[in-house]
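# can you look at this prediction? I've put the sequence above it.
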Amino acid sequence: MRPHRRRLPATPVSRRDCCRDADMLPEAVALVRRFLFFLAVFLCCLLLYRDSDALRLLHQFSSYPASSFTAFYSPPVSEERGIEEVLKDAAMEDGTVILTTLNEAWAAPNSIIDLFLESFRNGVGTRRLLNHLVIIALDQKAYRRCLQIHTHCFGLHTEGVDFREEAYFMTPNYLKMMWARIDFLRSVLEMGFNFVFTDADVMWFRDPFPRFYSNADFQIACDHFLGSSDDLQNKPNGGFNYVKSNNRSIEFYKHWYSSRETYPGYHDQDVLNMIKFDPSTLSIGLRMKFLDTAYFGGFCEPSRDLNQVCTMHANCCFGLDSKLHDLRIMVQDWKEFLSLPPSLKRDYIFPWAVPQNCSLDSLRRYDAPQSDDQRDEEE
């Protein structure tokens, strides 16, 4: 038996209601059309943005020849630039750039990087050279700090290596950092740029370019200078060198980097001291010069005449605190020298008040954190 359904009476629709509904229909359609139009515009913009992003990333990685390095960035994509573009923007007319590396430990406010940049601003003929300085940041914090204090910055990441903390002398992280630097500098030469590489603990007090040798492919500062720029017995320091891009220098850097496998456990400076005598190195034909510590000094062997000094390096020094202590004194020494009347500058040999905490003995200390294997060996 089918259930009985009660029919409800039909609700009468007035003429006024029908007219109101008919009037609202075109307005609703117009609203829907506007929404669909703006949605279509938004989707098109999104697709264009993603396409441009992909093109930038493609350019970034295709323009950089060293496959072991990748770039990282914290700013928006529109500000990302490849290494070759950064170098071009900073290069002098002859294609020379000044390079330094920076990690989180040295990037902290009132630390090494601030003293480094201050030396350029207070040096003789060095302020303009800041326009040609590129800071290669080895971690995100260093990169962000670079963007706050300098114009030309590039973030470089080496796969599988963390360079954020202070790398103690001759520890595994220190060795990785030094060899990554050699490989990166090789890639800069292959891009056709000459470079002055400088550690950030090298203070620039005077324009060094007039003191460079015009006929050299590779010239390097020394911990100890023996009197002749051609003497292979000089003790070079890899923290400051001027290299011209050519086939000889590129081949030399490849040879230098590959020699780390021949001499495992040694850093780049020690390996350079070994290979500079090798017939394989001499066969490259590299024109090598060693820079006089009278102009390019350091804590190992200070420049004696502040009327001649170009750079001073915080070498022969162990630990960030010791470096900062002595570098601050050295920068103050320089300011006091600049404040002297010209007659006193000419006739007075102004002595450095450093090194104090830094010395050759500091390199023989073992207050760096030791591994379990190292402690077991000592026991």
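Now that the structure is in, tell me what you want to look at.

# least trustworthy helix or strand in the protein by mean pLDDT?
Within the chain, confidence by mean pLDDT, DSSP states H and E is lowest for helix 372-378 among all helices and strands, at a mean of 40.

# check which helix or strand covers residue 240.
strand 235-243 (DSSP states H and E).

# residues touching that strand, excluding its own?
Counting contacts by C-beta atoms under 8 Å, 6 or more residues apart in numbering, the residues outside strand 235-243 that touch it are 178, 181, 185, 189, 194-199, 201-202, 208, 212, 216-225, 249, 253, 268-269, 272-273, 276, 290-291, 296, 298, 300, 311, 313, 315. To be clear about C-beta, it is placed using only N, CA and C from the backbone, and glycine gets the same treatment.

# one more: stretch 339-347?
Contacts with stretch 339-347, where a contact means C-beta under 8 Å, 6+ apart, come from 306-307, 337, 348, 350.

# apply 10 Å and report the result again.
Taking contacts as C-beta atoms under 10 Å, 6 or more residues apart in numbering, the residues outside stretch 339-347 that touch it are 306-307, 337-338, 348, 350.

# give the rounded mean pLDDT of the strand holding residue 240.
When pLDDT is averaged along strand 235-243, the result is 97.

# could you do stretch 176-185 as well?
The pLDDT scores in stretch 176-185 average 87.

# got the buried residues for that stretch?
By neighbour count on 16 or more other C-beta atoms under 10 Å, the buried set for stretch 176-185 is 176-185.

# looking at those residues, which are in helices?
Where these overlap with helices, as defined by DSSP state H, the overlap consists of 176-185.

# looking at those, which is nearest residue 85?
Ranking those by separation from residue 85, with C-beta to C-beta as the measure, puts residue 184 on top at 16.2 Å.

# that older thread, farthest-apart pair in the contacts of stretch 339-347, please.
Of all pairs drawn from those, the one with the largest separation by C-beta to C-beta is 338 and 348; the distance is 13.0 Å.

# any residues in contact with both of these two?
Here residue 338 and residue 348 have residue 306 as joint contacts, going by C-beta under 10 Å, 6+ apart.

# okay, buried residues for the strand holding residue 240 please.
Counting neighbours by 16+ other C-beta under 10 Å, the buried set in strand 235-243 is 236-243.

# just curious, which of those residues is nearest to residue 96?
Each of the buried residues of strand 235-243 was checked against residue 96 using C-beta to C-beta; the closest is residue 242, at 8.4 Å.

# how close does that closest one get to residue 330?
Separation of residue 242 from residue 330 (C-beta to C-beta, to the nearest Å): 22 Å.

# repeat for residue 293
Counting by C-beta to C-beta, the separation of residue 293 from residue 330 is 15 Å.

# over to residue 150?
Distance check for residue 150 against residue 330: by C-beta to C-beta, it reads 21 Å.

# for those two, indicate the residue with more neighbours.
The residue with more neighbours, out of residue 150 and residue 330 and counting by other C-beta atoms under 10 Å, is residue 330; that gives 24 against 17.

# in this structure the more buried one contacts residue 119, no?
Yes - using C-beta atoms under 10 Å, residue 330 is in contact with residue 119, at 9.0 Å.

# dump the C-alpha coordinates for stretch 134-152 into PDB.
The C-alpha trace of stretch 134-152 is given here as PDB (Å, rounded to 0.1, in the frame of the first residue of the first chain):
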ATOM      1  CA  VAL A 134      84.000  40.300  -3.500                       C
ATOM      2  CA  ILE A 135      83.200  38.500  -0.200                       C
ATOM      3  CA  ILE A 136      82.700  34.800  -0.700                       C
ATOM      4  CA  ALA A 137      80.400  33.700   2.200                       C
ATOM      5  CA  LEU A 138      80.800  30.100   3.200                       C
ATOM      6  CA  ASP A 139      77.500  29.800   5.100                       C
ATOM      7  CA  GLN A 140      74.100  31.500   5.300                       C
ATOM      8  CA  LYS A 141      74.800  33.700   8.300                       C
ATOM      9  CA  ALA A 142      78.000  35.000   6.800                       C
ATOM     10  CA  TYR A 143      76.100  35.700   3.600                       C
ATOM     11  CA  ARG A 144      73.400  37.700   5.300                       C
ATOM     12  CA  ARG A 145      76.000  39.700   7.200                       C
ATOM     13  CA  CYS A 146      77.800  40.400   4.000                       C
ATOM     14  CA  LEU A 147      74.700  41.800   2.500                       C
ATOM     15  CA  GLN A 148      74.400  44.200   5.400                       C
ATOM     16  CA  ILE A 149      77.900  45.600   5.200                       C
ATOM     17  CA  HIS A 150      79.200  45.200   1.600                       C
ATOM     18  CA  THR A 151      78.100  45.500  -2.000                       C
ATOM     19  CA  HIS A 152      79.600  42.400  -3.700                       C
END
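
# quick check: mean pLDDT across that stretch?
Stretch 134-152 carries an average pLDDT of 95.

# and for stretch 282-291?
Model confidence over stretch 282-291, given as mean pLDDT, is 97.

# what's the span of that stretch from first residue to last?
The straight-line separation of the ends of stretch 282-291 (C-alpha to C-alpha, to the nearest Å) is 19 Å.

# got the buried residues for that stretch?
Buried residues in stretch 282-291, counted by 16+ other C-beta under 10 Å: 284, 286-291.

# check stretch 104-120 too.
Along stretch 104-120, the positions that meet the burial threshold by neighbour count (16+ other C-beta under 10 Å) are 104-107, 111-120.

# and what about residue 156, helix, strand or coil?
Here residue 156 is recorded as strand under DSSP: H, G, I helix; E, B strand; the rest coil.

# just checking, it touches residue 140?
No - at 11.1 Å, residue 156 does not count as touching residue 140 under the criterion of C-beta under 10 Å.
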